[in-house]
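>>> what follows is a protein structure lacking sequence information:
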């Protein structure tokens, strides 16, 4: 990056690395009570932001007036950027779901589930399904680290195949009618053209585009780029910035220089699968899905980035912190 004067990539990579180092050295983490309190505060502020006109999304279905013409006025969000809300609700739901015996966890689960489902963030819902499948296996009496690690990576591989498989589009005509069609494809059934279907498969197409860019300069990547300028004749290129997939975007941008981060992330996943409780692995699943589907908010100065990596990297700084129980399973001072 420095050799070709691409200081934007150098600064972005440096900020990412420094933020992760800071998180790794931090001896603290958010306990379940703090996560719940932040979520409740976010709901209150989301309502205020909507009433003040600072957000298109309210906290009650039907307030998203901008989505009336697309049949998605039912979407709700605690943030102006709805994917962040969906993944925040997912973390809150998982944390309370796994906090067995915690007082008040069921109302929080219902509330978080409401904001997860009505966010309409499909990738967050897929991540939830993957997490439930992982929990089902991890809670088996004979589930060891090897099995849990294998299942974790198989679930991630299944997500990649599901999103990128062209055959999935063959199922569209049978499920396009009614509310499910608008939920999945963001269009009324009558308007569900071939172009709209392809648009819904944007992430799989984007991964392929990033891999093509990576192959242009596999060693150092192509550096900072404007995605639309690289594909000016492609209508799909105008749909986003190309940063929606954090992992593949950085692979195209930095090439093989990005592989140490990928290796470290994989080790973080193995470490999560080795925990006695499934919460860490579930957070890792949510992080990977988000990093492949909504990379635009996987940035060091974003709350969801700090939350996901903070939960995954807690107790990594030293032995003293390693004795601190995870927030979603044990909080002796607040248990019944």
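Thanks, I have it. Keep in mind it's a predicted model, so treat the numbers as computed, not measured. Numbering: from 1, shown residues only.

>>> next SSE after the helix or strand harbouring residue 123?
Counting by DSSP states H and E, the element that carries residue 123 is helix 122-138. Sequence-wise, the next helix or strand downstream of helix 122-138 (DSSP H and E) is helix 145-164.

>>> report pLDDT for residue 116.
At residue 116, the predicted lDDT confidence score is 96.

>>> can we start the residue count at 15 from this point?
Renumbered: residue one is now 15, and that last one reads residue 130.

>>> please, which helix or strand holds the nearest residue to it once chain neighbours are set aside?
In space, and not counting its chain neighbours, residue 130 is closest to residue 103: 4.1 Å by Cβ to Cβ, 6 or more residues apart in numbering. For glycine as for every other residue, the C-beta is placed from the backbone atoms N, C-alpha and C. Secondary structure assigned from DSSP H and E places residue 103 in helix 96-111.

>>> list the contacts for the closest residue to residue 270 other than its chain neighbours?
Nearest-residue entry for residue 270: residue 233, 5.5 Å, with adjacent residues in sequence omitted and distances by Cβ to Cβ, 6+ apart. Going by Cβ atoms under 8 Å, 6 or more residues apart in numbering, residue 233 touches 269-271.

>>> do residue 55 as well
Taking Cβ under 8 Å, 6+ apart as the criterion, residue 55 is in contact with no other residue.

>>> my read: the residue nearest to residue 130 touches residue 53, true?
Yes: assessed by Cβ atoms under 8 Å, residue 103 is found in contact with residue 53 at 7.5 Å.

>>> show the pLDDT at the residue positioned nearest the centre of the chain.
Among the residues of the chain, the smallest C-alpha distance to the mean C-alpha position (Cα atoms, centre = their mean) belongs to residue 304, namely 2.2 Å. Residue 304 is assigned a predicted lDDT (pLDDT) of 93.

>>> ok, residue 163 to residue 287 distance?
If you measure residue 163 against residue 287 using Cβ to Cβ, to the nearest Å, the figure is 4 Å.

>>> looking at the two, which one has more neighbours?
Just comparing residue 163 and residue 287: by other Cβ atoms under 10 Å the higher neighbour count belongs to residue 287, 22 against 17.

>>> just for the stretch 165-314 of the chain, where's the confidence low?
Along the stretch 165-314 of the chain, segments meeting pLDDT under 70 span 179-215, 240-256.

>>> now do the helices in it.
The residue ranges that make up the helices of the stretch 165-314 of the chain, judged by DSSP state H, counting those that start in this stretch, are 186-189, 192-199, 208-214, 216-230, 241-244, 260-268, 273-287, 293-307.

>>> format those as a markdown table; extra columns: distance to residue 126.
What follows is these, written out as a markdown table (distance: least, Cβ to Cβ, whole Å):
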| stretch | distance to residue 126 |
| --- | --- |
| helix 186-189 | 26 |
| helix 192-199 | 19 |
| helix 208-214 | 25 |
| helix 216-230 | 24 |
| helix 241-244 | 33 |
| helix 260-268 | 24 |
| helix 273-287 | 21 |
| helix 293-307 | 13 |
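
>>> and these: which comes nearest residue 140?
Put simply, out of the helices of the stretch 165-314 of the chain the one that sits nearest residue 140 is helix 293-307, at 6.3 Å, with distance taken as Cβ to Cβ.

>>> what's the closest non-adjacent residue to residue 108?
residue 296 (4.9 Å).

>>> can you report how many residues lie near the one you found?
When neighbours are defined as other Cβ under 10 Å, residue 296 has 29 of them.

>>> tell me the contacts of it?
Under the criterion of Cβ under 8 Å, 6+ apart, the neighbours of residue 296 are 108, 112, 145, 148-149.

>>> now the two most distant members of those residues.
112 and 148 (11.1 Å).

>>> coming back round to it: which parts of the helix holding residue 137 are buried?
For helix 136-152, the neighbour count (16 or more other Cβ atoms under 10 Å) marks 136-142, 144-145, 148-149, 151-152 as buried.

>>> taking these together, which two end up most distant?
Maximum distance among the buried residues of helix 136-152 (Cβ to Cβ): 24.3 Å, for 136 and 152.

>>> which residues are contacting the strand or helix carrying residue 126?
Taking DSSP H and E as the criterion, residue 126 maps to helix 119-131. The list of residues contacting helix 119-131 from outside it, by Cβ under 8 Å, 6+ apart, reads 50, 53, 57, 73, 90-92, 99-100, 102-104, 106-107, 110-111, 113, 138-139, 142.

>>> change it to 6 Å
The list of residues contacting helix 119-131 from outside it, by Cβ atoms under 6 Å, 6 or more residues apart in numbering, reads 50, 103-104, 106-107, 110-111, 113.

>>> got it, and stretch 161-172?
Contact with stretch 161-172 is made by 144, 151-152, 284, 287, 295, 302, as judged by Cβ under 6 Å, 6+ apart.
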